[in-house]
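Visitor: Got a predicted model here, sequence first, then my questions.
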Amino acid sequence: MDIFSVRMIVIYFLYGLSFFTMAFAIIFQARKNSSFILAKSVWFLSGFGLFQAFAEWAKVAKILQLYGINLLSIPLLHFIDSVTIVISFIFLFLFGIHLLVDSTGTHKHYKFIPLVLAVIWSIKFIITDLIIFPTENFQAWTANSIALARYLIAFPGALLVSVGLLLQVPQLKRLELKSAYYNCRAAAVVFAAYGFFSGLLPFPTRFWPGNVLNTATFLQVTGLPVQVFRVVLGILMAYTIIKTINIFHVEQQKRIEDADRIRTVMEERERFSRDLHDGIIQSVYGARMLLNLSQSMFRKNEKMQASERLDEVKEMLDNTVDELRVFMKDLHRDTDKEESLQQTLTKLISDLRRLSVISINLKNNIEGDVYLSQKQQTYVFYIVKEALFNVIKHAHANKCSITLERKDNSIIIKVTDDGIGYNLQHYLNSGCTENKGLLNMKFRAQQLGCTLTINTGEGKGTEVVLHIPTDVMQSSA
C-alpha cells in the first residue's frame, strides 16, 4: 500500500469521524421543546452527519479493496457510496430549507423540494440505470450519480443552510449568547465553503461542469487534493455546530433555574400562608374570643372583669401588629433570645389560658432543659399552638394537657384533651378550609424530620403526638 493511499484512508476516516461526532452531538443535545427555531430542523443535520460519515467510510473500504482487503463486493461498495452520500445531501437540503422556511414563516411548500429532487435522482440512477437498463460500469455510474447529486442537492442545500444560520444570528445576539452568536456565524461561512468544495468539485465526469471543474483539475491547480479541504471543513463544521447547539443546554439550564425560582417562591408563599394561619390568624381569633367573653361579662354586669379582658384584647392586638411587622420583614417567626422548649411551651400555655376556661397544664417529665434550633423551636411552637387552638375551638373539652417526655432516643410531645373527638379521615378528606391547620401541622413535622400522629375518634377525645428524634435536635440537656 503506497503512502498516498494511506493518507487518503486517514483523510476519509477523519472526514467521516468529524461528521459522525457532529451527528451524535446533535442527537444528545437537541431539544424538541426548545423555543429556538433551530431546534425544529436540527434533527435533519444529524441525519446528514450520519450518512456523510458512512459515505466517507465506504470510500475507505473501496481503497482497501484495491489492496486485496475485500470487505464487500465492488458493485455493492459503489452502490453504498453513492446512495449514502446522496441521502446525506438530501438531509442537508432538508435542514436548510426547513430552517429557512421556519425562520421566515412563508412558502411552507418549499419544504418538499428536496424530496422531489430525491425522487428525480432515484428515477434516473436507481430505476433507470440499475433496474431497467443495468449498467456494467459502476465506477462511471458512481461518479455521474454523485456529481449530479452534488450539483442539484448538495450545493443549493449548503447555501440554504448558510442563509438559514445567518437568520438565527439576530436572536442569539438579542439573547446575549455570545459564544453561540459567533459560532453560528462561523458555521454559516463553513457551510458556504462546503457548498463550493463538496457541491461543485465532483470526480471528473463527461458532462459540464464536471468535465472542467473537478477534483483532478483542483489538484493540478492547488497541488492539494480537495479531500484535505473537505476534512478541514468537516472538523470546523462539527466544532461550530456543536458550540452553536449548546444554546439548547443553556436554555435547559435557564428553564431549570426558572423552575427552581418559581418553586422557591411557591414554597415561600405556602410557608407564609402557614405562618399567617398559625400566627396572626390564631391571634386575631384569640382576640375575638376575648371580645366575646368581655361581651358576656358586660351582660352579666361584670364590668371590672370585662375591662380586664378588653385590656388583654388591646395587648393581644398590639402583639399581633408587632408579629405582622415581623412577617413583613423576614416572613418567619423570630425570637430575640434563646429559650428552652419548656419555656416556650410554658409561655404558650400562659397565653392560651386567657382565651378559654379549659384547664391547660404542662407535664414535664424530662430532667433539664431541652434546646432546639430556632427553626425547630418555631415549628414545634406552631404545631403545639395549632393543636391547642383546635382543642379550644372544636373539642368542647374540660381539660387539656401537654406532656413532655424522652423515650427511645426521641423527645415526645403529647397534646391530650377529653373532648368530643372527631373522624380524622373524614375530616381530612372533606376539603373544608378548617383542615388547613392539620395539614400545616403534618407539613411542619415532615420538614423537621419528625413524626406526627393524631389519635382520635368520635366521643373519644384527641391525642396529638409529636416524635422529635434526638439526631435532628440542636442539643439537649
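Guide: Nice, thanks for sending it over.

Visitor: Name the helix or strand for the closest residue to residue 62 other than its chain neighbours, please.
Guide: Excluding its sequence neighbours, the residue lying closest to residue 62 (Cβ to Cβ, 6 or more residues apart in numbering) is residue 77, at 5.0 Å. All C-beta atoms are positioned from the backbone trio N, CA, C, and that covers glycine. Using DSSP states H and E, the element containing residue 77 is helix 74-104.

Visitor: What residues of that helix count as buried?
Guide: Within helix 74-104, the residues scored as buried using 16 or more other Cβ atoms under 10 Å are 77-103.

Visitor: Please apply the same query to stretch 245-253.
Guide: Applying 16+ other Cβ under 10 Å to stretch 245-253 flags 245, 246, 247, 248, 251 as buried.

Visitor: Which strand or helix spans the fourth one?
Guide: Secondary-structure element containing residue 248, defined by DSSP H and E: helix 246-275.

Visitor: Which SSE is immediately downstream of that helix?
Guide: Assigned by DSSP H and E, the successor of helix 246-275 is helix 282-299.

Visitor: what's that following helix packed up against?
Guide: Helix 282-299 is packed against helix 303-330, helix 374-390, with contacts defined by 3 or more Cβ pairs under 8 Å, 6 or more residues apart in numbering; DSSP states H and E.

Visitor: How about residues contacting it?
Guide: With Cβ atoms under 8 Å, 6 or more residues apart in numbering as the test, helix 282-299 has contacts from 303, 305-306, 309-310, 312-313, 316-317, 319-320, 323, 351-352, 354-356, 385-386, 389, 392-393.

Visitor: Weed out the non-buried ones from those residues.
Guide: Using 16+ other Cβ under 10 Å, the buried ones in the contacts of helix 282-299 are 306, 309-310, 312-313, 316, 320, 323, 351-352, 354-356, 385-386, 389, 392.

Visitor: for residue 213, helix, strand, or coil?
Guide: coil (DSSP: H, G, I helix; E, B strand; the rest coil).

Visitor: before we move on, the earlier item: run a quick check on the residue nearest to residue 62 versus residue 65, I expect a contact.
Guide: Yes - checked against Cβ atoms under 8 Å, the pair residue 77 and residue 65 is within contact range at 6.5 Å.

Visitor: got any residues that touch both of the two?
Guide: Common neighbours of residue 77 and residue 65, using Cβ under 8 Å, 6+ apart, are residue 71.

Visitor: before we move on, back to that, as a markdown table, the buried residues of stretch 245-253 with distance to residue 233 and pLDDT would be great.
Guide: Below are these laid out as a markdown table (distance: Cβ to Cβ, whole Å; pLDDT from 0 to 100):
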| residue | distance to residue 233 | pLDDT |
| --- | --- | --- |
| 245 | 18 | 90 |
| 246 | 20 | 88 |
| 247 | 22 | 88 |
| 248 | 24 | 84 |
| 251 | 28 | 79 |
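
Visitor: Please state the offset of the helix holding residue 77 from the chain centre?
Guide: 33 Å (Cα atoms, centre = their mean, to the nearest Å).

Visitor: what's the helix or strand that comes right after that helix in contact with?
Guide: Using DSSP H and E, the helix or strand that follows helix 74-104 in sequence is helix 113-122. Residues from elsewhere that reach helix 113-122 (Cβ under 8 Å, 6+ apart): 86, 90, 93, 94, 97, 145, 148, 149, 152, 153, 157.

Visitor: Now do helix 113-122 and helix 74-104, the angle between them.
Guide: On the basis of axes from the mean of the first three to the mean of the last three Cα atoms, to 10 degrees, helix 113-122 is oriented at 160 degrees to helix 74-104.

Visitor: Now residue 40: closest residue in space that isn't a chain neighbour?
Guide: Nearest residue to residue 40, sequence neighbours excluded (Cβ to Cβ, 6+ apart): residue 102, at 5.3 Å.

Visitor: who touches that neighbour in this structure?
Guide: Taking Cβ under 8 Å, 6+ apart as the test, what residue 102 contacts is 37, 40, 41.

Visitor: Check the gap between the residue of the chain most remote from its centre and residue 341 for me.
Guide: Distance from the centre of the chain peaks at residue 301, with 67.0 Å (Cα atoms, centre = their mean). Between residue 301 and residue 341 the distance is 43 Å, computed by Cβ to Cβ, to the nearest Å.

Visitor: And for residue 439?
Guide: 24 Å.

Visitor: Show me which of those two is the more surrounded one.
Guide: Neighbour comparison, residue 439 and residue 341: the larger count goes to residue 341, with 24 against 12 (by other Cβ atoms under 10 Å).

Visitor: so how far is residue 380 from the closest residue to the more buried one other than its chain neighbours?
Guide: In space, residue 341 comes closest to residue 370 once its chain neighbours are excluded; the distance is 4.1 Å by Cβ to Cβ, 6+ apart. Plainly put, residue 370 is 10 Å away from residue 380 if you go by Cβ to Cβ.
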